[in-house]
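> Dropping the sequence and predicted coords here.
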Amino acid sequence: KKEEEVEELLEKGRFSDDLVVNDLSWIGVGKTSAVTLVNNELLKGEIEFKIIVWVTVARKCSVIELQNKIAKAMNVSISEDEDETLRAGMLSEILSEKDRFVLILDDVWERFSFEKVGIPESSKGKLVLTSRSLDVCRRMDCQVVKMEPLSNEDAWTLFSDKVGQNLMSSADLLPIAKSIVERCAGLPLV
């Protein structure tokens, strides 16, 4: 299912037309896993980008912290100055020089200004965000790709594949296995 969502994201031209694609969903539904698949597909080089950068943002990340994380992920240094605007200008220039770039920001908790961070609004640069918050997505004017929990059938298949057929063939364990899958409610992580 994740592979299909990633394929849809890459095929529909969303990656070639939009600056921001947001991957929104519930906790544990596989946002990071899906974006990892996007990252891996992009690394194959079929859609050509000069640089692909992955940053885990996490909760309570200031503009300066985000700037530092992006610079570190690109193996570049920016000013140690506390002036966000100066640092944003440097980061924007570095990204603009890369021309075609993908910046993946995983686990965004709060809205931030692309300009203040130094992310250029280039049609050649792409930004992919993962967030649990629809409010963050709306306030950042993102194109939302909503990921849904697995269907009952897909959840059962995933569970069966992970625990193995030997365990699944046990008549004593089958009711317990079904109960576990039901309690997971289509979420691959518990």
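Sure, I can see it. Residues are numbered from 1 along each chain as shown.

> can I assume Ala171 sits in a helix?
No. The assignment for Ala171, made by DSSP: H, G, I helix; E, B strand; the rest coil, is coil rather than a helix.

> and it, how many residues sit next to it?
Ala171 has 6 neighbours, counted by other Cβ atoms under 10 Å. C-betas here are computed from N, CA, C, even on glycine.

> And it, how far from Lys178?
Per Cβ to Cβ, to the nearest Å, Ala171 is found 12 Å from Lys178.

> Model confidence at Trp156, what's the number?
Model confidence at Trp156, given as pLDDT, is 84.

> give me every residue that touches the nearest residue to it once chain neighbours are set aside.
In this structure, Trp156 finds its nearest non-sequential neighbour in Val181, 5.5 Å apart by Cβ to Cβ, 6 or more residues apart in numbering. In this structure, Val181 makes contact with 152, 155-156, 159, judged by Cβ atoms under 8 Å, 6 or more residues apart in numbering.

> Buried among those residues? Make that a PyMOL selection.
In PyMOL, this line selects whichever of those come out buried by 16 or more other Cβ atoms under 10 Å:
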select buried, resi 155+156+159
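
> just checking, which of the contacts of Val181 belong to helices?
Among the contacts of Val181, the members falling in helices (DSSP state H) are 152, 155-156, 159.

> mind giving me the domain split of the chain?
What automatic domain parsing lists as the domains of the chain is 2-146, 152-184.

> Please work out which of those domains is packed deepest.
Mean neighbours per residue, mean count of other Cβ atoms under 10 Å, is largest over the domains of the chain for domain 2-146, with a mean of 17.

> my guess is Trp54 is in a strand, correct?
Yes. Counting by three-state DSSP, Trp54 is part of a strand.

> Need the nearest residue in space to it, chain neighbours excluded.
In space, Trp54 is closest to Ile104, 4.7 Å off (Cβ to Cβ, 6+ apart).

> Correct me if wrong: that neighbour contacts Val35.
Yes. Using Cβ atoms under 8 Å, Ile104 makes contact with Val35 at a distance of 5.8 Å.
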